[in-house]
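Enquirer: sequence and predicted structure below; questions after.
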Amino acid sequence: MRRRVLVLVSLAALAWAAGGCGGPIEHDELERAVSTLGATAAEGRIVALDVVEDRTKTTFVRVHGKALQTDVEHLAEKLQDAEAKPDLVARKRAAVRLAKDIDAALGDLIVAPSDRRVARDVERRLDTLAHRAENLAEAL
């Protein structure tokens with residue numbers, strides 16, 4: 001399951017990176033970015049769940065969490081900098097907000113990688129954020 005999520009995140013990130021550069025962001029580009037955010041939230045949720053169930057090491061949580069956070073930050077920056085057509089402005093703004101929320105949740109996990117209470121909270125938040133991403137992607 002984890003491997004499949006990681007592959008999906010990697011493929012979505014590559015598709016997003018290979019997308020058009022310059023000019024207004026297109027619907028399909030924004031949809032890929034939002035799908036990547038959703039997959040990243042889902043992967044972060046799995047890491048948090050492993051902390052809750054005491055199935056992982058602090059170092060792994062910090063390193064993997066930071067890698068996920070870096071990917072989310074990069075997408076947030078790319079989305080923020082992208083020019084949006086009028087019909088996509090609100091959805092682009094929602095995607096940036098989603099990225100910031102995922103980034104914050106991952107940050108909480110990185111700061112307290114062995115705290116089960118924090119991990120449970122992060123797991124729930126990331127689950128909600130993954131669903132938000134799914135709904136936003138479907139609206140595109």
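Expert: Good, I have the coordinates.
Enquirer: only C-alpha atoms from now on, for both contacts and neighbour counts.
Expert: Will do.
Enquirer: so where do the helices sit in this structure?
Expert: 2-18, 27-52, 58-81, 89-111, 116-139 (DSSP state H).
Enquirer: mind putting those into JSON lines with mean neighbour count and mean pLDDT?
Expert: Output for the helices of the chain, formatted as JSON lines (neighbours: other CA atoms under 10 Å; pLDDT from 0 to 100):
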{"stretch": "helix 2-18", "mean neighbour count": "15", "mean pLDDT": "49"}
{"stretch": "helix 27-52", "mean neighbour count": "25", "mean pLDDT": "97"}
{"stretch": "helix 58-81", "mean neighbour count": "18", "mean pLDDT": "97"}
{"stretch": "helix 89-111", "mean neighbour count": "21", "mean pLDDT": "98"}
{"stretch": "helix 116-139", "mean neighbour count": "19", "mean pLDDT": "97"}
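Enquirer: what sits against the residue positioned nearest the centre of the chain?
Expert: Centroid-nearest residue in the chain: Leu37, 3.1 Å away (criterion: CA atoms, centre = their mean). Leu37 is in contact with 72, 75, 98-99, 102, 130, 133, counting by CA atoms under 8 Å, 6 or more residues apart in numbering.
Enquirer: quickly name whichever of the residues you listed is closest to Glu83.
Expert: Checking the contacts of Leu37 against Glu83 by CA to CA gives Leu75 as the nearest, at 14.0 Å.
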